[in-house]
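A.B. asks: The following block contains a protein sequence and its predicted model.
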Amino acid sequence: MAKKVTPYKDSGLGKKEQVTQMFDTISKNYDGLNRVISFGIDIKWRKRVVAILSKKKPKNILDIATGTGDLAINLVNTGAEKIIGLDISPGMLNVGKQKVSEQNLNNTIDMIVGDSENLPFDEDTFDAITVAFGVRNFENLEKGLTEIHRVLKPTGTLVVLETSVPTKTPYKQGYRLYTKYMLPAIGKLFSKDRSAYAYLSESASVFPHGEAFNNILHKIGFIAIENKPQTFGVASIYVATK
C-alpha cells in the first residue's frame with residue numbers, strides 16, 4: 001500500500017481536492033517546470049510511449065491525467081482517429097485546450113474534466129489508455145486502475161509513464177540529492193506555492209514503482225505486463241494488456 005502524500009497537509013481537504021487545487025495553481029508554469037526538472041528528457045519519454053502505441057494502431061485513445069495535453073498531442077502521431085484527454089484540474093485543461101487549438105487538433109483531441117476513479121465512459125470503450133505522471137496522484141490507486149481496466153477494450157493496451165527511484169549506485173544517491181534539495185529550489189523559482197513542488201518530489205519517492213507496481217496491475221487483472229526503466233531508472237514505462 002502506497003503512503004498517502006498530499007500537497008497541503010493541514011488544509012482539511014482530501015487528496016483529490018488538494019491535487020486539483022495544486023495543479024490549478026501551478027498550471028501556467030507546469031510545462032516550463034517539466035522541461036527544467038527533467039532536463040527536457042520527458043519529451044523523449046513521451047515519444048517512446050507514442051512509439052509503443054503506434055505498433056498497436058489504436059483507433060481511439062484515452063489519456064488520463066492529461067494535464068496540459070503534452071502526451072495527448074503527441075499521440076496524434078499514432079494515427080488514432082479520436083483522442084480524449086481527461087484531467088481533474090480545469091486550470092491544466094485550459095492550458096491544454098489552447099495548445100490543442102493552436103495546433104488545429106480540435107477535431108482529433110477532446111479535452112474534458114473528469115475523475116480517474118469514476119470515468120464517464122462505458123465498459124470496453126477504448127483501444128488504448130495512457131497515463132503520464134498521473135497515477136501517483138490518484139487518491140485510490142487500485143480504484144483508478146480498476147476503472148481503467150473497465151473502460152479498456154479486451155486486448156486493449158495500457159501504457160503508464162511515471163517517475164521511479166533508481167536502484168543502482170551512483171544514480172540512487174544522485175537522485176535522492178536532486179529530489180531533496182535541487183527540485184524544491186527549482187520549484188521556488190517557478191511558483192510561490194512551495195508545498196506543490198515539495199509534494200511532486202515526495203509523492204514520486206513513495207510511489208510503488210517497478211515490481212511493486214507490476215504486482216498491482218496484475219492484481220487488477222492486467223496481463224502481459226512489462227516494465228521499461230528509463231534514463232537510469234528515474235522514470236519507468238509500464239505496458240499492460242486487458
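C.D. replies: Structure's in. What do you need?
A.B. asks: can you pull the buried residues of the longest strand seen in the chain?
C.D. replies: Secondary structure of the chain read by DSSP state E shows that its longest strand is strand 152-163. Of all the residues in strand 152-163, those buried under the rule 16 or more other C-beta atoms under 10 Å are Leu152, Lys153, Gly156, Thr157, Leu158, Val159, Val160, Leu161, Glu162, Thr163. C-beta coordinates here come from the backbone N, C-alpha and C atoms, glycine included.
A.B. asks: so what does it touch, helix or strand wise?
C.D. replies: Packing contacts for strand 152-163, counted by 3 or more C-beta pairs under 8 Å, 6 or more residues apart in numbering; DSSP states H and E, involve helix 41-54, strand 126-132, helix 211-220, strand 235-241.
A.B. asks: Show me how far that strand is from its chain's centre.
C.D. replies: Taking the mean of its C-alpha atoms, strand 152-163 sits 12 Å from the chain's own mean (C-alpha atoms, centre = their mean, to the nearest Å).
A.B. asks: what's the next secondary structure element after that strand?
C.D. replies: Going down the chain from strand 152-163, the next helix or strand is helix 171-177, by DSSP states H and E.
A.B. asks: Quick one: mean pLDDT over that next one.
C.D. replies: What helix 171-177 shows for mean pLDDT is 75.
A.B. asks: Ok, stretch 228-236 next?
C.D. replies: 91.
A.B. asks: chain center to it, what's the gap?
C.D. replies: 15 Å.
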